[in-house]
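K.L.:
Fold the following and give me the result.
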Amino acid sequence: MTEKDKGLSRRDFLKRSGIVTGTLVGGGLLGGVIGYNARNNTETTPEETREKARQISPKGRKFFTRDADFKILSQATERIFPKDDLGPGAIELGVPYFIDNQLAGAYGMNSREYMQGPFFVGKETQGYQSPLTRAEIFSVGIAALDNEAQKRFKKSFTDLEGGQMDEILTAFQKGEVKLNGVTSSFFFTLLRSATLEGAYSDPIYGGNNNMDGWKMKNFPGHQAAYINVIESDKFQKIKPQSLSSMDH
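P.N.:
Below is the predicted model of the structure:
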């Protein structure tokens, strides 16, 4: 692992993967993501991340039946949203479990979308064009991440160093890896979006553990009302509240 790879930050990876130029920047989800260790050039290693994952109380899995596949998903999401001086990363936030649970439901089955043929290769601006469901795309993509790791480095994806993982993920983002039924760039787009959704969605859906994603952005979550502070001119830092904790 080169010194350059050791210094790769969340900001660097987001830039290289094109996220900074995406529509989520500027008041969107990435406001709390981009500011990695600009002041501190330290980075959590994959080994430290795996140890932290083992310390977190496990949630139930509904889609991934193989531990190996779930670990690949976990490491991939952590590279996209790593722990830094701003707060926890994807694994601590429960993002892998969020994605797993979503893939087992309507999101993964595309149950609310028209999925009949004929299917044609579409333009990037045309959105979802694959005959595969999201669940199938993630299955293909996770397997491809591991295959690419074996091809390039003779190791499983989860055994790679951080810079090597980023190299593979960046190749997926650029569409350089051949997949069956879908482009690697589209799989990366789904993975990136699902990672951000898991980091910032209501904890009731399985991610955003302890509402830490919201806390990093000073987002109040789901408040019943703001009557007591609405007329105040001062900035209000409100303790976030989940749907699961609201009185009904």
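
K.L.:
So for the residue nearest to the spatial centre of the chain, what's the pLDDT?
P.N.:
Residue closest to the average C-alpha location in the chain (Cα atoms, centre = their mean): Thr195, at 1.7 Å. Thr195 carries a pLDDT score of 98 in this model.

K.L.:
what's the answer for Tyr128, then?
P.N.:
With respect to pLDDT, Tyr128 scores 81.

K.L.:
neighbours around Glu167, how many?
P.N.:
Applying other Cβ atoms under 10 Å, we find 18 other residues in the vicinity of Glu167. The way it works is simple: take the backbone N, C-alpha and C, and place the C-beta from them, glycine included.

K.L.:
What distance do you get for it to Leu160?
P.N.:
To Leu160, Glu167 is 9 Å away according to Cβ to Cβ, to the nearest Å.

K.L.:
coming back round to it: please name every helix or strand in contact with the helix or strand hosting the residue nearest to the centre of the chain.
P.N.:
Here Thr195 sits within helix 184-200, counting by DSSP states H and E. Applying 3 or more Cβ pairs under 8 Å, 6 or more residues apart in numbering; DSSP states H and E, we find helix 184-200 packed against helix 67-80, helix 90-93, helix 95-103, helix 134-153, helix 162-173, helix 212-217.

K.L.:
Which strands or helices does the second one pack on?
P.N.:
What that stands for is helix 90-93. helix 46-55, helix 67-80, helix 184-200, helix 212-217.

K.L.:
can we see that at 7 Å?
P.N.:
Identification of packing neighbours for helix 90-93 by 3 or more Cβ pairs under 7 Å, 6 or more residues apart in numbering; DSSP states H and E yields helix 46-55, helix 67-80, helix 184-200.
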